[in-house]
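structure, please.
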Amino acid sequence: MRLLAKSGLLLLVFALISSSYALSVDDPQYVVDNSEFGETNPNVIHPGDDVNIWIKVVNDNYDKQLKDVKVEISPHYPFEIKQVNPETGVAEISHLNEGESDTAYFKIHVSENAPSDEYRIDVTVTATEYESGDEPNEREKTLTKIYYVPIYGIAKFEINLDDNNPINPSESEELEVYIKNQGTGTAKYLTLNLAGTSDLNIVGPTTFYLESLSPQTQKLIKVDAYAIPTTEDGIYSINANIEWIGEDGAEYTSSIPINLKVKSTIFDNQPFLYLDGVKAISGGQEVTIALANRGTSKLKHCVLEIDGAVELNDNYIRYIGDLEEDDSDSGIYELEVFGDSKTNITATLTYFNEYHEEFTLVQEFELDPANSQVKQEGTNYTFIGLIVVLAVVAYILYRRWKKRKDSEEE
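Okay, the predicted model is just below:
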């Protein structure tokens, strides 16, 4: 009796185990859609991927069959079910014999904005269990399993400048460079290298180790950019080469150009006006006003105008044109200035830069007839008058001497 009782108990336990494990579901198998043959990690999922999922359903019962098997997948954020079956998110298996298995196929899309995490997918399997025979004993079976699928976000970078001031040739400009992670994954072992050109480059360190950068965070780097004196106005790039390790363990690289403007600046003390010469002429004085370019940028379309005295030819404006670096030119005016009194004239210079922005320089000059320059370069009428007087006196003396001599001979 005891043996029979034990045997009956074992059969009951086995029956319960068999009944409870009649329907089983394996862990989902998944591969990223469009993954290349031989890819190292085709099952590493990133935001924006389409993922193929296979779910294996097994009839573990040794003496019962399953029919009308329905597999339903219910993903949560950031997953979206794609249509691959007649009914979205539902796959059907018509029949499973004892110990037989079959696979249900689904496809899901991962949101592009999903941060790194493990996300939930619910799988529910329903089936009708029955025994073969004239009077089958049917029973509904339902099994629900919850799975978590890892998503590995990808870091994506953008470079911003706090202030994008133009750089003047032969000068350096401090740049405040912000590198921001706009992606969904953390960048680990992050390295930034800045590479310029022969015209525009970085002064000082060019490689920076930034450790790690989480999504939606940024770091500041300060560098000096220098443009050589011969750099022409225009847009030049410094390349930001970025290397990092992703949360999936893969190595990533990115190159972002930082565009900088080089613009020649005309400084206030660059154009220099000066009085180059004054000499007396018939009816007044000839005055030369000169203009020199003491900078590296070009002075364009220079026009010189004077005021304060009468110009004998009624021509107060002189067109100088363009002046290159260390170049000079002048305007000559014939002014109605007489006597020993000082005269003030005003010289007005207008010019443009490379971007057709107009500038004006006004400067006053004092014309002093007693100036040594006037004495040296002008005609010395006092000296001429003295010579004339001496000649007249000599002529008178000569006439007297000749007359006296003629009288003595008679």
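
which residues in the stretch 301-410 of the chain form strands?
Assigned by DSSP state E, counting those that start in this stretch, the stretch 301-410 of the chain shows strands spanning 317-323, 328-335, 343-352, 358-367.

that should have said the stretch 101-250 of the chain, apologies.
Under DSSP E, counting those that start in this stretch, the stretch 101-250 of the chain gives strands at 101-110, 117-130, 139-151, 157-161, 172-181, 187-195, 200-203, 207-213, 218-227, 234-245.

can you give me the buried ones in the fourth one?
By neighbour count on 16 or more other Cβ atoms under 10 Å, the buried set for strand 157-161 is 157, 159. Using the backbone N, CA and C atoms, a C-beta is placed for each residue, glycine as well.

begin at 3 from now on, thanks
Yep, numbering from 3; the last one is strand 159-163 now.

export it as PDB, just CAs?
C-alpha atoms of strand 159-163 as PDB (Å, rounded to 0.1, in the frame of the first residue of the first chain):
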ATOM      1  CA  PHE A 159      28.700  66.000 -30.900                       C
ATOM      2  CA  GLU A 160      28.300  69.600 -32.000                       C
ATOM      3  CA  ILE A 161      30.900  72.400 -31.600                       C
ATOM      4  CA  ASN A 162      29.900  75.900 -30.600                       C
ATOM      5  CA  LEU A 163      31.800  79.200 -30.200                       C
END
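
for the most centrally placed residue in the chain, give me phi and psi.
What sits nearest the mean C-alpha location of the chain, by Cα atoms, centre = their mean, is residue 260, with 3.4 Å. Phi and psi for residue 260, reported as degrees, to the nearest 10, are phi -110, psi 110.

tell me the contacts of residue 81?
Contact analysis of residue 81 by Cβ atoms under 8 Å, 6 or more residues apart in numbering lists 110, 111, 112, 113, 121, 123, 151.

and those, which of them are buried?
110, 111, 112, 121, 123, 151.

just give me the closest of the residues you listed to residue 325.
Using Cβ to Cβ, residue 112 is the member of the buried ones among the contacts of residue 81 that sits closest to residue 325, with 63.9 Å.

please name the nearest non-neighbouring residue to that closest one.
In this structure, residue 112 finds its nearest non-sequential neighbour in residue 51, 5.0 Å apart by Cβ to Cβ, 6 or more residues apart in numbering.

okay, the contacts of residue 81 in a markdown table with distance to residue 309 next?
What follows is the contacts of residue 81, written out as a markdown table (distance: Cβ to Cβ, whole Å):
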| residue | distance to residue 309 |
| --- | --- |
| 110 | 82 |
| 111 | 77 |
| 112 | 76 |
| 113 | 73 |
| 121 | 81 |
| 123 | 87 |
| 151 | 84 |
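
can you lay out these as JSON lines showing pLDDT and distance to residue 83?
JSON lines is the format used below for the contacts of residue 81 (pLDDT from 0 to 100; distance: Cβ to Cβ, whole Å):
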{"residue": "110", "pLDDT": "95", "distance to residue 83": "6"}
{"residue": "111", "pLDDT": "95", "distance to residue 83": "8"}
{"residue": "112", "pLDDT": "95", "distance to residue 83": "12"}
{"residue": "113", "pLDDT": "95", "distance to residue 83": "13"}
{"residue": "121", "pLDDT": "95", "distance to residue 83": "13"}
{"residue": "123", "pLDDT": "95", "distance to residue 83": "10"}
{"residue": "151", "pLDDT": "94", "distance to residue 83": "13"}
